[in-house]
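1. take a look and give me a structure for this.
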Amino acid sequence: MSDYEYSDDDCPKCGAQLAGRHCNQCEDGEIDLDDPLWPDAVRCDTCNGTGHEEWCRECGWDVTYGRFLSPQDEAA
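-> Sure thing, here's the model as predicted:
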């Protein structure tokens, strides 16, 4: 797991400072499968094709997917 950094942006849900990191599953949002059946790169599901992940450490809002990381966070 890679280290994260604080973002310059604030959480749209609670206003706390967001945290983020470069996606460690892809390169710039795409995965090159090196497979003759899939000659083109496919979008990374981990970062939703953005190349980075961003979330709120306070309320659990996942900016990448526009949802809370845990159903418990959403209920709060």
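2. confidence score at the spatially most central residue of the chain?
-> Nearest to the centroid of the C-alpha atoms of the chain, with distances taken as Cα atoms, centre = their mean, sits Glu53, at 2.5 Å. Looking at Glu53, its pLDDT is 90.
3. just say helix, strand or coil for it.
-> Three-state call for Glu53 (DSSP: H, G, I helix; E, B strand; the rest coil): strand.
4. quick one: it and Cys23 touch, right?
-> Yes. Glu53 is in contact with Cys23 according to Cβ atoms under 8 Å; the separation is 5.8 Å. Glycine gets a C-beta too; all of them are placed from N, C-alpha and C.
5. what touches both of these two?
-> 46-47 (Cβ atoms under 8 Å, 6 or more residues apart in numbering).
6. just the pLDDT for Glu74.
-> 56.
7. cool, Glu27 as well?
-> On the pLDDT scale, Glu27 gets 79.
8. distance check, it against Val42.
-> Using Cβ to Cβ, to the nearest Å, Glu27 is found at 12 Å from Val42.
9. setting aside sequence neighbours, what's the nearest residue to Arg57?
-> Ala19 (5.1 Å; Cβ to Cβ, 6 or more residues apart in numbering).
10. run through the residues that contact Ser70.
-> So Ser70 contacts Gly60 (Cβ under 8 Å, 6+ apart).
11. can you give me the helices for this structure?
-> 71-75 (DSSP state H).
12. can you list the low-confidence ranges for it?
-> Along the chain, the model assigns pLDDT under 70 to residues 1-2, 32-39, 41, 71-76.
13. and the strands in it?
-> Per DSSP state E, the chain carries strands over the ranges 5-10, 17-22, 30-31, 42-43, 52-56, 61-62, 67-68.
14. so which elements touch the fourth one?
-> So that's strand 42-43. strand 30-31 (3 or more Cβ pairs under 8 Å, 6 or more residues apart in numbering; DSSP states H and E).
15. which helices and strands sit right next to the strand it packs on?
-> strand 42-43.
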